[in-house]
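[1] show me the folded form of this:
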Amino acid sequence: MTAGKKHSFRWIVGLGVFGLVVLIFLFAFVWRLLNPPVSPYVESGEQHSVIQMDIVNASNVNGGARTTMRFLRDRGFDVVDLSTQSPPVVSSMIIDRLGDRQSALKVAHVLGIADSLVISSIDTMLFVNVTVLLGKDLYNLTPFQ
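    Residues are numbered from 1 along each chain as shown. Presented below is the predicted three-dimensional model:
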């Protein structure tokens, strides 16, 4: 190869690498716009408290609650209790325990549970914002993808 061809080849490769980097950054930017991170904090004025929850495994899948707990804790949520329930339920759902639907919807979004499966059953004696009820559709949820 002559010196001129080597120079133009390097220039083309450099331009290709630059273009690839720009595409990666553009993809990351668009991904963040379409999938913004969910804040694990309760939205109540200036007070910032972490959304607390318990997880009830009603799926008949051993370790389902533990996997979900690790997934949620990695995202900043506070899982305070794990338990099991029998008989199993078909669909996973989020139960709002304090009348704070926004917090329940945040948890549903993070887990990939439809908004229609967020219900309210106020129980202030549980001392949690929400209860995550894992059903037989467990493997359709985000922590198991």
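[2] contacting residues around the spatially most central residue of the chain?
    Residue closest to the average C-alpha location in the chain (C-alpha atoms, centre = their mean): Val110, at 2.5 Å. With contact taken as C-beta atoms under 8 Å, 6 or more residues apart in numbering, Val110 is in contact with Val38, Leu72, Arg75, Phe77, Thr142. The C-beta positions use only the backbone N, C-alpha and C, and glycine is treated the same way.
[3] could you do Leu126 as well?
    Asp54, Arg97.
[4] distance check, it against Pro87.
    21 Å (C-beta to C-beta, to the nearest Å).
[5] if we can go back for a sec, which ones among the contacts of Val110 map onto helices?
    Of the contacts of Val110, the ones assigned to helices by DSSP state H are Leu72.
[6] highest neighbour count among the contacts of Val110?
    Phe77 (24 neighbours; other C-beta atoms under 10 Å).
[7] isn't that residue up against Val42?
    No: using C-beta atoms under 8 Å, Phe77 is not in contact with Val42; the gap is 10.8 Å.
[8] what is in contact with the two at once?
    By C-beta under 8 Å, 6+ apart, Phe77 and Val42 have these common neighbours: Val50, Ile51.
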